[in-house]
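In: dropping a prediction and its sequence here:
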Amino acid sequence: MHPIIRKPLNFILMLMCTVCAAVALMSLVAGIGMLFGTLYALGAMMQGLWVISIGLIFTCLSVASYWGARVTDGHVGEKLFEAPFDIRRVSSWKFSLLVISFLFAAGFAWHILSF
C-alpha cells in the first residue's frame, strides 16, 4: 500500500480502536453494574444484558480495527501472540490517547452507575 494512503488509514484505524475500546469498557462496566446491581428487576437485568452485548460488539470492533491497523502498517504475521498494546511499541500520543479514553470511559461509567 502507498505510504500516503497507509499512514492516515493507520491513524484512523488506531483512533477507531481506541474509541471502540473506551466505549466497550464503558458498556461492559455499566452493563455488569446494571446486571448485578438490580437483581430484583427483570427489566433492568435485560437492559444490563443488552448493554453488555453492546460492549462485546465494540470490543470486537476495537480488535478488528487494531488488526486492520497492523495490516496497513505491515506488521501482520510478525508475532502472532504479541500483546495488543505493548507499551514499548506504542508511541506516546497513542498511549496518552488510550489513557485519556479509558479515564473518560471509567468516569462516564461511574457517573451512570451512581444514579
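Out: Nice, I can see it.

In: quick one: contacts for Ser62?
Out: With contacts defined as Cβ atoms under 8 Å, 6 or more residues apart in numbering, the neighbours of Ser62 are Met16, Cys17, Thr18, Cys20, Ala21, Ala24. Using the backbone N, CA and C atoms, a C-beta is placed for each residue, glycine as well.

In: kindly apply the preceding question to Ile32 instead.
Out: Gly48, Ile52.

In: could you say which helix or strand contains it?
Out: Following DSSP states H and E, one finds Ile32 within helix 3-37.

In: mind listing what's buried along that helix?
Out: Within helix 3-37, the residues that count as buried by 16 or more other Cβ atoms under 10 Å are 9-10, 13-14, 16-35.

In: next one: stretch 47-66
Out: Neighbour-count burial for stretch 47-66 [16+ other Cβ under 10 Å]: Gln47, Gly48, Val51, Ile52, Ile54, Gly55, Phe58, Thr59, Leu61, Ser62, Ser65, Tyr66.

In: so which of those residues comes closest to Ala106?
Out: Gly55 (13.4 Å; Cβ to Cβ).

In: how much space separates that closest one from Ala44?
Out: Look at Gly55 and Ala44: by Cβ to Cβ, to the nearest Å, they are 16 Å apart.

In: can you check Leu25 too?
Out: 21 Å.

In: which stretches of the chain have low pLDDT?
Out: Along the chain, the model assigns pLDDT under 70 to residues 1-6, 38-43, 71-99, 107-115.
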